[in-house]
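Undergrad: Next come a sequence and a model predicted from it.
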Amino acid sequence: MDLGTRLYTWLHGEFVGADSFGNRYFRARKTLRGQRERRWAMFNGKPEASKIPAEWHAWLHHTTDAPLEGVRYTWQKPHRPNLTGTKYASFPAGHARRGGRRNKATGDYEPWRPS
């Protein structure tokens with residue numbers, strides 16, 4: 001994170017909490033009358049918006065007044081950041097990195113042919 005953000009956070013920020021990725025969340029100590037409170041995140045490592053879990057995303061965008069930490073349903077999977085461009089990216093069958101071969105189309109596909 002850059003020096004300006006650190007300085008602004010030190011002068012005007014109030015720590016709210018942190019997530020499992022090590023990102024820290026802050027809000028402004030003071031807000032001007034008629035304006036909503038300012039909220040921001042300081043990322044652990046490289047700034048990447050997809051590293052923010054849904055519960056903190058809702059708080060950052062003023063959808064909720066408090067972060068929804070600990071509120072998990074049985075059907076929810078753990079949050080994962082966008083892995084595109086990393087060695088952990090998903091390459092489905094038929095992708096060039098996995099041999100470039102895929103199953104032939106079944107009988108339910110009919111290609112478009114111009115008349």
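TA: Nice, thanks for sending it over. On a predicted model such as this, the values are computed, not experimentally measured, just so you know.
Undergrad: lowest average confidence, helix or strand, in the chain?
TA: None of the helices or strands of the chain scores lower by mean pLDDT, DSSP states H and E than helix 3-12, at a mean of 87.
Undergrad: Run the chain-centre distance for stretch 18-37.
TA: Here the centre of stretch 18-37 is set off from its chain's centre by 17 Å, with C-alpha atoms, centre = their mean, to the nearest Å.
Undergrad: ugh, wrong one, stretch 90-104
TA: Worked out by C-alpha atoms, centre = their mean, stretch 90-104 lies 27 Å from the chain centre.
Undergrad: can you list contacts of that stretch?
TA: Outside stretch 90-104, the residues that touch it by C-beta atoms under 8 Å, 6 or more residues apart in numbering are Leu83. For every residue, glycine as well, the C-beta is placed using N, CA and C.
Undergrad: what about this structure, any weak spots by pLDDT?
TA: 1, 105-107 (pLDDT under 70).
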